[in-house]
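1. sequence first, predicted coordinates after that:
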Amino acid sequence: MASVPLRFAVLGELRVWRDGTEVAPGPPLRRTLLALLLARTGTPVPLPDIVDALWADRPPARAVNMVHRHVGELRRMLEPGLPRRAEGGLLLRGGGGYRLLAPSDSVDLLLFRRLVARAREQSEVRQAVGVYADALALRRGRAAGCPAQAPEHPVFTELDREYDAVVREAAEVALRGGRAERVLPALSESASRHPLDEGLQALLVRALAATGRRAEALDVFRSTAGRLADELGVDPGPELVAAQRRAAAGPEPGDSSWSARAEPTTPDPTAVHPGSPDLPSVAPAQLPPALPVFVGRAPQLNRLRALLDDASAGGGGAAPAVVISTITGPAGVGKTALAVHLAHEAADRFPDGQLYVDLRGFEPAGRPTRPQDALRGFLDALGTPTARTPEGLDARAALYRSLAAGRRLLVLLDNARDAAQVRPLLPGTPGCLVLVTSRNRLGGLVSADGAHPLTLGTLTPAEARSALALRIGAGRVATEPRAAEEIVRLTARLPLALAVVAARAADRPTFPLAALAAQLRAARGGLEAFRDADPALDVRAVFSWSYDALGAAAARMFRLLSLHPGPELTVQAGAALAGVPVSRARALLVELADAHLVTERTPGRYTCHGLLRTYATELVRATESEDERRASLRRMLDHSLCGLR
């Protein structure tokens, strides 16, 4: 069947066009479902997420059946010639839910992201501003509000935050290039939606003044100062005060830089009288203890230290307002240890404090930490009295950014689930460093927030030997070098597994290392040798937290990968193992790679370290019947034989 030209708008009111003619997406619940699928175009949306978006905390008894019915109606609308129960086309089932495969040039959100990426690549400021303006003009109102609860759903509020982050970025570039008028409409709209966000209000003051509207700029300052006093009990921060001073003074003769970023200065007590004392200035020191046996990771530390120099520059030059690094990798690989080690090393470069929160993105029990709860902890640490802590995510985020303005803070966000959980916790002014650890790739932070990604793998053989020696003593390792090498090999150089075995060796100082190596061999590649009473140190339990977060189809693919006899697996071989089309297999392997359960070592070829493969083997034996395993192997062998013909 020939494809039908379709266009979608999700940056604002949901709209759909087919062959140039607008079509009605249907009733409110169906509109919300389509908006959700468009917001995550190309990514499976699990059924629980769909039910939550449609009915919040009061789903009907037949919610899942109703979702399936709405999906069928959407298929008929999007591709009227496709049979109602067909599984092909644009709307696919899988990953524990549904996925929309809309062409990249048919969705305004995807076009917005492409334009933003193009703007960042421009070497000439005026050209960059023009591309930013084209991107910002795509939005028409708040994102995808259908039923009353839909605008507050995290997927839709995340779109708003992504857009607002680009507004800030574009405004900074436009002010540097003397083109503030190009972004002023979008900046005014964002500032009106966030009246307590000092960073946005300061940008609006500067942009209004730069376009000759000084009286309006000063009005914005006065109204913002009043709201800060009335609702948060704080005075304007240095960034907003500096913008007001420059707006009030106007440009000096021959001064072409007055619209550039105003340097934070000490607030002028005569500029505003909010009638409320400043909150106390507190320098928190929340970092957890550094690991005493940290070893290696020199290349990764050098990359992170280079980012420290950007943060220390306070945002000058081409440095972003807040320097962010995402440290991602599989469970047990040492992401937190690396982040905490660097944070302690750099603590003296951030004299205004170090903030830390465990976001519990992969805890087996309970939900991840909500951003508003993490913000409450940050506000407490920064000295905010409980009575002055506002309710609601946006109000708390605004107060947090106000308190962080002009300070040099290091913020460590550990075990993040996704970008939506992280964004409200980002400071808004230069001179801050944010370290984020996660088992998932946080692509949204990289593309929309300029984060610097760092993927952590297992230790090198030399690093693993050094780690073992530090934990049990160099003399013991030197006495039994072959046994030590075998322990390193059998732990797959995974820091968590190595730590479990080293702890047993340290508890039994008279045991030869050869005996411990024999115990690992006796486990025959199983994970029983790495069991620990503490779930956080039990290798199998830690792996399970990542596995349990997968969609059903990706989880099955992970299990079946253990049947492949070689060290690497192609997409085509994965498709044969799972009995799915190649395009479907590719999407499932990408989901596994995003969760760091496999690694794409070269394009289209996937592998995983030995202990993860062992875990997959346990799962496939416990979950798939012998007939299913044989059928999977038969398909893979048929695929291999076809390749030889």
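-> Thanks, I have it. As the structure is a prediction and not an experimental result, all values here were calculated from the model.

2. what about the strands in the stretch 451-600 of the chain?
-> All strands of the stretch 451-600 of the chain, identified by DSSP state E, counting those that start in this stretch, fall at 452-455, 569-570, 599-602.

3. reformat those strands as JSON lines; add mean neighbour count and distance to His194.
-> Heads up, the C-betas are built off the backbone N, CA and C, glycines and all. Shown next, in JSON lines, are the strands of the stretch 451-600 of the chain (neighbours: other CB atoms under 10 Å; distance: least, CB to CB, whole Å):
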{"stretch": "strand 452-455", "mean neighbour count": "17", "distance to His194": "26"}
{"stretch": "strand 569-570", "mean neighbour count": "21", "distance to His194": "47"}
{"stretch": "strand 599-602", "mean neighbour count": "14", "distance to His194": "39"}
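
4. format those as TSV; extra columns: distance to Leu498 and mean pLDDT.
-> Converted to TSV, the strands of the stretch 451-600 of the chain look like this (distance: least, CB to CB, whole Å; pLDDT from 0 to 100):
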stretch	distance to Leu498	mean pLDDT
strand 452-455	19	92
strand 569-570	26	87
strand 599-602	19	80
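
5. possible to save those as TSV with distance to Leu301?
-> Listed next are the strands of the stretch 451-600 of the chain as TSV, based on distance: least, CB to CB, whole Å:
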stretch	distance to Leu301
strand 452-455	10
strand 569-570	32
strand 599-602	21
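
6. among those strands, which comes closest to Ala387?
-> Comparison of these against Ala387 by CB to CB identifies strand 452-455 as nearest, at 38.7 Å.

7. pull the CA atoms of that closest one into CSV?
-> Once non-C-alpha atoms are left out, strand 452-455 reads as follows in CSV (Å, rounded to 0.1, in the frame of the first residue of the first chain):
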residue,chain,number,x,y,z
HIS,A,452,28.5,16.1,27.8
PRO,A,453,28.0,12.2,27.6
LEU,A,454,30.5,9.8,29.1
THR,A,455,29.9,6.1,28.8
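
8. quick check: longest helix of this protein.
-> If you go by DSSP state H, the chain has its longest helix at helix 154-176.

9. now that helix: how far from the chain's centre is it?
-> 16 Å (CA atoms, centre = their mean, to the nearest Å).

10. who are the packing partners of it?
-> helix 28-39, helix 108-121, helix 125-136, helix 184-193, helix 198-210, helix 419-422, helix 443-449 (3 or more CB pairs under 8 Å, 6 or more residues apart in numbering; DSSP states H and E).

11. ok, and which of the ones you listed has the densest surroundings?
-> helix 198-210 (a mean of 27; mean count of other CB atoms under 10 Å).

12. what is the helix or strand following that one packed up against?
-> Sequence order places helix 214-227 as the next helix or strand after helix 198-210, per DSSP states H and E. Judged by 3+ CB pairs under 8 Å, 6+ apart, helix 214-227 is in contact with helix 198-210, helix 238-249.

13. hmm, who's touching stretch 328-335?
-> 297, 327, 362, 437-442, 453-459, 494-497, 539, 542-543, 545-546, 596-597, 608-609, 612 (CB atoms under 8 Å, 6 or more residues apart in numbering).

14. filter those to the buried ones?
-> Among the contacts of stretch 328-335, the ones that count as buried by 16 or more other CB atoms under 10 Å are 297, 327, 362, 437-442, 454, 456, 458-459, 494-497, 539, 542-543, 545-546, 596-597, 608-609, 612.

15. secondary structure class for Arg93?
-> Here Arg93 is recorded as strand under DSSP: H, G, I helix; E, B strand; the rest coil.

16. so what pLDDT did it get?
-> On the pLDDT scale, Arg93 is placed at 80.

17. run a quick neighbour tally on it.
-> Residues lying near Arg93 (other CB atoms under 10 Å) number 14.

18. show me what it is bridged to.
-> On the basis of DSSP bridges, Arg93 is bridged to Tyr98.

19. tell me the spacing between Pro185 and Tyr132.
-> According to CB to CB, to the nearest Å, Pro185 stands 12 Å off from Tyr132.

20. now do the helices in the stretch 301-450 of the chain.
-> For the stretch 301-450 of the chain, applying DSSP state H, counting those that start in this stretch gives helices covering 335-346, 371-381, 393-404, 419-422, 443-449.

21. now mean pLDDT and distance to Ala502 too, for the ones you listed, in CSV please.
-> Below are the helices of the stretch 301-450 of the chain laid out as CSV (pLDDT from 0 to 100; distance: least, CB to CB, whole Å):
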stretch, mean pLDDT, distance to Ala502
helix 335-346, 92, 14
helix 371-381, 91, 33
helix 393-404, 88, 40
helix 419-422, 90, 33
helix 443-449, 83, 34
